[in-house]
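In: next input, structure requested:
(3 chains)
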Amino acid sequence: MPELPEVEVSRLGISPHLQGQQLTKVVARQRQLRWWVPDEVLQQQQQPILAVRRRAKYLLLDLPGGSIILHLGMSGHLKVVPADLAPGKHDHLDLLFANGTALRLNDTRRFGAVLWQAQGEQHPLLAQLGPEPLTADFTAETLIQACQRRGSAIKLVLMDNHVVVGVGNIYANEALFKAGINPQQPARDVSADKLALLCTIVKETLTAAIVQGGTTLRDFSQVDGKPGYFKQELLVYGRGGQPCVNCDTALSEVRLGQRSTVFCPLCQPLLQKN
DNA sequence: CTAGCAACCTGAACGC
DNA sequence: TGCGTTCAGGTTGCTA
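Out: Predicted coordinates for the structure are as follows:
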């Protein structure tokens, strides 16, 4: 499910339900996720939720003694449910609250994670992350610098979490299309002007998706159960072989970094280095 | 350092 | 109807 917009939509969805709530207990039915759920998470009880934050695609639930880190992987989603609602298949973890509700994590493929970060420390997974795309930390200059010496495809650089976080496969495809950049173009051969445009478009595209409530894909629904509807806006992702919205040319589909990559051969020409 | 890719896991879709 | 193959939104951590 989640690219950054979906994670942010989840954060916005659960935050009002968790803010100021008292966490009474953590129940794990399946601790083997991407990593084994650490004891510290299960030991949390009688702690107030101070804040619900997001860093890259990680959600952080701040408690007085540290933070519970949630990652949704490919198939994870969160719901706020009555605590006594019977858990279904792949409902791996519940955070129980004093008001009788529970935050329930469901993750079919178990690529997600539940981790612990002690107060005042930084989890190693968060330490290496690049700038947030929607803040002033991510600029044309940082993108241009990251691309300078990289011979790998611009799409792979854009999806590199050291360069900028939160740009997953869908939005990498979409942003490159809107910027008129061929995904296979070596990063160092993309002009500074194009990279500046790409930076702006990444911000606009992610922001628009958040506003519209996240992309609906096969296993995503918003926290309150209403589906998002951004999928209708996708211009290239999932449209290989179909006509380009600009020029009617059949969209090409290739694999880059083992991920499906769709582009218009006419609107996103592969340029020869001069 | 970069680059390529196997791995983690389940289920849906498709071809025969 | 069943079986085998391929693919899926992410990310780490090998190997060269």
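In: which stretches of the stretch 101-250 of chain A form strands?
Out: A:101-107, A:113-118 (DSSP state E, counting those that start in this stretch).
In: so the longest one versus strand A:113-118, what angle?
Out: In this case it means strand A:101-107. Taking axes from the mean of the first three to the mean of the last three CA atoms, to 10 degrees, one finds strand A:101-107 and strand A:113-118 inclined to each other by 120 degrees.
In: if we can go back for a sec, which of the strands of the stretch 101-250 of chain A is buried the deepest?
Out: Highest mean neighbour count of these: strand A:101-107, a mean of 23 (counted as mean count of other CB atoms under 10 Å). C-beta: built from backbone N, CA, C; applies to glycine.
In: CA atoms only for stretch A:119-138 - export them in CSV, please.
Out: Taking Å, rounded to 0.1, in the frame of the first residue of the first chain, the C-alpha atoms of stretch A:119-138 are listed here in CSV:
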residue,chain,number,x,y,z
GLN,A,119,14.0,8.7,24.4
GLY,A,120,17.0,10.7,23.4
GLU,A,121,18.3,8.1,21.0
GLN,A,122,17.9,7.7,17.3
HIS,A,123,17.1,4.3,15.7
PRO,A,124,19.8,3.3,13.2
LEU,A,125,17.2,3.0,10.5
LEU,A,126,16.2,6.6,10.9
ALA,A,127,19.8,7.9,11.1
GLN,A,128,20.7,7.5,7.4
LEU,A,129,17.6,9.1,5.9
GLY,A,130,17.8,11.9,3.4
PRO,A,131,15.7,15.1,3.5
GLU,A,132,11.9,15.1,3.7
PRO,A,133,10.4,15.9,0.3
LEU,A,134,7.8,18.3,1.5
THR,A,135,10.1,20.5,3.6
ALA,A,136,12.6,23.1,2.7
ASP,A,137,15.3,20.5,3.3
PHE,A,138,14.7,19.1,-0.1
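In: off-centre distance for it?
Out: Remark: stretch A:119-138 is offset 14 Å from the chain centroid, using CA atoms, centre = their mean, to the nearest Å.
In: okay, buried residues for that stretch please.
Out: For stretch A:119-138, burial by neighbour count (16 or more other CB atoms under 10 Å) applies to A:123, A:125-126, A:129-134, A:138.
In: hmm, it in reach of DNA strand C?
Out: Yes. Stretch A:119-138 reaches DNA strand C (CB under 7 Å from any atom of the strand) through A:125, A:128.
In: who's in contact with that stretch?
Out: A:4, A:55-56, A:58, A:64-67, A:69, A:115-117, A:142, A:160-167, A:199, A:202-203, A:206-207 (CB atoms under 8 Å, 6 or more residues apart in numbering).
In: buried only: go through those for me.
Out: A:4, A:55-56, A:58, A:66-67, A:69, A:115-117, A:142, A:160, A:163-167, A:199, A:202-203, A:206.
In: which ones among these lie within helices?
Out: Using DSSP state H, the subset of these located in helices is A:4, A:142, A:199, A:202-203, A:206.
In: what's the closest of those to A:T101?
Out: Nearest to A:T101 out of those is A:L4 (CB to CB; 26.0 Å).
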